[in-house]
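# Sharing a model that was predicted from the sequence below.
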Amino acid sequence: MNKIAFIGAGNMARAIIIGLVNSGVAPQNIMVANPSASKRLNLAQEFGVLQTEDNNKASEFAEVVVLCVKPHLITEVCRQISQAISISGKLFISVAAGTTVAQIQVALSKNSKDNLPPVVRVMPNTPCQLGLGMSGLFASNEVSVEHKAIAEQLMTAVGKIIWLATEDKINDIIAVAGSAPAYFFLFMEAMEKQAQHLGFSSQESRMLVQQTALGAAQMVAHSDEAISTLRANVTSKGGTTHAAIEQFKQDGMEEMVKNAMAAAIARAEEMAK
Ligand SMILES: NC(=O)C1=CN([C@@H]2O[C@H](COP(=O)(O)OP(=O)(O)OC[C@H]3O[C@@H](n4cnc5c(N)ncnc54)[C@H](OP(=O)(O)O)[C@@H]3O)[C@@H](O)[C@H]2O)C=CC1
Ligand SMILES: O=C(O)[C@@H]1CCC=N1
């Protein structure tokens, strides 16, 4: 594996780094840069990765630079790196929502005559930390076959991937996968709360919800059946599940999911402007 720099040591960087180290990537090949000390020092202590407060030092160290800062910071961070060091030959990977390849390439180019640098946009999700991530990848025209293979190797180390033919599909991936762990957490939170109202202790409520969600997800993962069939298998005619599902339908669950995913896409489009 190439040397990898992470610019930003927040939630997403941490998730990918944990997944990479657990998949066998040597921690000495990973350097993480973050302005405040605690997150990068924790990563260094827990996993043995190298750390610095200097984005330029980390970028200089690596052949692959993974940009993991918030979208509003990404172009400024890129500008600072390209002013300070030679970025020639490096592959840039951005996980930021709502910042386009073109915006990143312009920020990375010192002047308009420079060749545009290769950029892969990745939309991952936090289950990467368990090797259970789901990422969508889009490569700019400047990305070589070798660079594509590197991006693919990096993200398959922490989960499953799909390549996207057009950049706008990144926003769809945000709605279906990037943001989506939070939808499931929200659903589980609501169930946990109701379990507590029914009189189960907080520990019992957590276990009941967690184990049921895990079991259901594993059934989907290990079965060739359609998800709707798995649902039907739980739903006896006129029974308890039927009563619950009918209530969900009456309360407009499908519409809610559709609107929530559309809101995520709309926000990503807005952020890119
Ligand atoms: N969280 C998620 O589930 C997902 C996030 N993403 C994307 O990942 C990116 C990061 O999100 P997330 O990890 O959640 O955010 P976090 O806020 O957790 O992490 C961002 C990190 O960037 C650091 N930072 C701030 N300024 C700089 C700088 N100038 N140079 C280097 N590092 C800096 C922050 O440090 P400090 O705290 O010290 O200021 C912080 O540790 C976003 O662009 C987001 O769109 C994509 C998919 C999923
Ligand atoms: O909420 C966000 O903007 C980021 C992108 C996908 C998940 N978290």
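Good, I have the coordinates. Predicted model, so just to flag it, every value in this text is computed and none were measured. Ligands and ions are numbered 1, 2, ... in the order given.

# List the residues that contact the residue of the stretch 1-150 of the chain at minimum distance from ligand 2.
Here the stretch 1-150 of the chain gets closest to ligand 2 at one residue, residue 97, 3.8 Å apart by Cβ to the nearest ligand atom. For glycine as for every other residue, the C-beta is placed from the backbone atoms N, C-alpha and C. By Cβ atoms under 8 Å, 6 or more residues apart in numbering, the contact list for residue 97 reads 71, 123, 171, 174, 178, 268, 271.

# Ligand 2: which of those residues is nearest?
Of those, the one sitting nearest to ligand 2 (Cβ to the nearest ligand atom) turns out to be residue 178, at 3.5 Å.

# how close does that closest one sit to residue 126?
Distance, residue 178 to residue 126, using Cβ to Cβ, to the nearest Å: 9 Å.

# ok, now residue 10?
Counting by Cβ to Cβ, the gap from residue 10 to residue 126 is 11 Å.

# re the thing from before, looking at residue 178 and residue 126, which one has more neighbours?
A direct count of neighbours by other Cβ atoms under 10 Å for residue 178 and residue 126 places residue 178 higher, at 26 against 19.

# Take the contacts of residue 97 and lay them out in CSV including pLDDT, distance to ligand 2 and secondary structure.
Shown next, in CSV, are those (pLDDT from 0 to 100; distance: Cβ to the nearest ligand atom, whole Å; DSSP: H, G, I helix; E, B strand; the rest coil):
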residue, pLDDT, distance to ligand 2, secondary structure
71, 94, 7, helix
123, 98, 7, strand
171, 97, 10, helix
174, 97, 5, helix
178, 97, 4, helix
268, 94, 8, helix
271, 91, 8, helix
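
# now, which of those residues lie close to ligand 1?
71, 123, 178 (Cβ under 6 Å from any ligand atom).

# so the second one touches residue 176, yeah?
No: assessed by Cβ atoms under 8 Å, residue 123 is found out of contact with residue 176, at 9.5 Å.

# wait, what's in contact with the nearest residue to residue 2 once chain neighbours are set aside?
Distance criterion Cβ to Cβ, 6 or more residues apart in numbering; nearest residue to residue 2, sequence neighbours excluded, is residue 63 at 4.1 Å. Shown in contact with residue 63 (Cβ under 8 Å, 6+ apart): 2-4, 89-91, 150.

# Equivalent analysis for residue 4, please.
20, 25, 29-31, 62-66, 154.

# Kindly state the beta-bridge partners for it.
residue 30, residue 64 (DSSP bridges).

# Return the distance of it relative to residue 124.
14 Å.

# tell me which residues in stretch 33-45 are buried?
33-34, 39-40, 43-44 (16 or more other Cβ atoms under 10 Å).

# picking that back up, out of the contacts of residue 4, which end up buried?
Buried members of these, counted by 16+ other Cβ under 10 Å: 20, 25, 29-31, 62, 64-66, 154.

# Ligand 1 next: which of these are close?
Within the buried ones among the contacts of residue 4, nothing lies near ligand 1 by Cβ under 6 Å from any ligand atom.

# can those residues go into JSON lines with extra columns for pLDDT?
Below are the buried ones among the contacts of residue 4 laid out as JSON lines (pLDDT from 0 to 100):
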{"residue": "20", "pLDDT": "93"}
{"residue": "25", "pLDDT": "94"}
{"residue": "29", "pLDDT": "97"}
{"residue": "30", "pLDDT": "97"}
{"residue": "31", "pLDDT": "98"}
{"residue": "62", "pLDDT": "97"}
{"residue": "64", "pLDDT": "97"}
{"residue": "65", "pLDDT": "98"}
{"residue": "66", "pLDDT": "98"}
{"residue": "154", "pLDDT": "93"}
